[in-house]
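*Asks:* 3D, please:
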Amino acid sequence: MVMSEPISIIVTTKNEEGVIERLLKSVKAQTYKNIEIVVVDNYSSDSTRDIAKKYTDKVFLEGPERSAQRNYGARKSKGRFLLFLDADMKLSPKVVEECVKVVNQDKKIAGVVILEESIASNFWEKVKAYERSFYNLEGDEVTDAARFFKSEVFEKLKGFDETITGPEDWDLTDRVKKKGYEIARVSSKIYHYEKITSLFSLVKKKYYYGLKAHRYLKKQKVKVISPKTIYFLRPIFYKHWKRLISKPILSLAMFTMFFLEMFVGGVGYLVGKIKNI
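*Replies:* As a prediction, this is how the structure comes out:
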């Protein structure tokens with residue numbers, strides 16, 4: 001492994017003063033040291049940018065959505081590899097080292113999926129963490145999306161599709177594969193401190209993402225009724241049915257969450273498609 005190859009970590013933010021420092025400290029603590037940090041802030045009204053400037057001089061303003069911020073950050077980056085993170089995350093120490101190692105093992109590999117573990121502090125956060133734990137058991141072709149990319153491939157594909165909000169990470173991963181590249185997976189973890197205040201906040205987000213989901217489905221020729229869109233069709237849950245039975249309360253809550261997310265997300269999809277949002 002060439003430890004001197006520069007890596008750019010791109011962090012998108014908006015009013016993240018309560019969490020951004022935890023992430024940036026974990027970046028500085030990486031075993032791989034040749035890292036530049038690029039923070040792209042969507043016009044925060046708090047001290048997010050001031051905190052970020054303690055860790056990097058590459059702090060920029062850009063909006064209106066995550067995809068545009070990420071693409072802007074990539075244009076401002078110098079790394080041979082790009083790692084895209086959210087501000088409410090924390091890296092385990094060897095994430096970057098393992099990503100670089102696995103990509104350098106095979107020229108066909110252009111992207112890496114990183115194991116993501118949700119850190120929960122209330123009931124619905126525990127339910128969402130329970131859901132995501134299934135995807136981590138053995139990897140999941142339906143839901144896996146890469147975060148780490150070769151910059152040359154990212155540029156060739158023109159980055160994230162800025163017309164899509166929500167499944168833009170799936171879209172980019174799909175396009176990498178269609179170009180004949182492979183997506184690898186590492187075991188080092190990203191810890192995700194996603195804040196879920198209520199079940200309502202979850203379904204509200206699904207509605208928002210649903211508004212532009214029709215663009216992704218049409219572009220990638222994904223059927224409206226498929227494992228991508230219908231949680232209940234994802235084999236990963238039924239392959240581990242014993243686990244579902246062993247935790248009945250969490251399982252019941254998870255399937256209730258699925259039903260509401262799908263229903264409200266479906267409404268968003270119909271509204272977005274009818275209005276061509």
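*Asks:* So which elements touch whichever helix in the chain runs longest?
*Replies:* Counting by DSSP state H, the longest helix found in the chain is helix 248-275. Identification of packing neighbours for helix 248-275 by 3 or more Cβ pairs under 8 Å, 6 or more residues apart in numbering; DSSP states H and E yields helix 123-136, helix 199-210, helix 213-219. For the C-beta atoms, the positions are set from N, CA and C on the backbone; glycine is no exception.
*Asks:* Name the next helix or strand downstream of the longest one, please.
*Replies:* The first helix or strand that comes after helix 123-136 along the chain, using DSSP states H and E, is strand 148-150.
*Asks:* which outside residues touch that next one?
*Replies:* In this structure, residues lying in contact with strand 148-150 by Cβ atoms under 8 Å, 6 or more residues apart in numbering are 80-84, 99, 103, 110-112, 114, 172, 176.
*Asks:* related to what we said a few turns ago, now the helices and strands packed on helix 248-275 as a markdown table including mean pLDDT, mean neighbour count and distance to Thr163?
*Replies:* Below are the helices and strands packed on helix 248-275 laid out as a markdown table (pLDDT from 0 to 100; neighbours: other Cβ atoms under 10 Å; distance: least, Cβ to Cβ, whole Å):
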| stretch | mean pLDDT | mean neighbour count | distance to Thr163 |
| --- | --- | --- | --- |
| helix 123-136 | 95 | 18 | 26 |
| helix 199-210 | 95 | 17 | 13 |
| helix 213-219 | 96 | 19 | 6 |
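*Asks:* Looking at these, which is nearest to Leu61?
*Replies:* Nearest to Leu61 among those is helix 199-210 (22.3 Å), distances taken as Cβ to Cβ.
*Asks:* What lies in contact with that closest one?
*Replies:* Here helix 199-210 has contacts from 124, 128, 165-167, 196, 257, 260-269, 271-272, using Cβ under 8 Å, 6+ apart.
*Asks:* between that helix and helix 248-275, how many degrees?
*Replies:* Using axes from the mean of the first three to the mean of the last three Cα atoms, to 10 degrees, the inter-axis angle of helix 199-210 relative to helix 248-275 is 40 degrees.
*Asks:* CA atoms of helix 199-210 as CSV?
*Replies:* Extracted C-alpha coordinates of helix 199-210, given in CSV (Å, rounded to 0.1, in the frame of the first residue of the first chain):
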residue,chain,number,x,y,z
LEU,A,199,-41.3,8.5,14.0
PHE,A,200,-42.9,11.6,12.4
SER,A,201,-39.4,13.0,11.6
LEU,A,202,-38.5,9.7,9.9
VAL,A,203,-41.5,9.6,7.6
LYS,A,204,-41.2,13.3,6.9
LYS,A,205,-37.7,12.7,5.5
LYS,A,206,-39.0,9.8,3.4
TYR,A,207,-41.7,12.1,1.9
TYR,A,208,-39.0,14.6,1.0
TYR,A,209,-36.7,12.0,-0.6
GLY,A,210,-39.7,10.5,-2.3
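*Asks:* which intervals of the stretch 1-150 of the chain have sub-threshold pLDDT?
*Replies:* Scanning the stretch 1-150 of the chain for pLDDT under 70 picks out 1-3.
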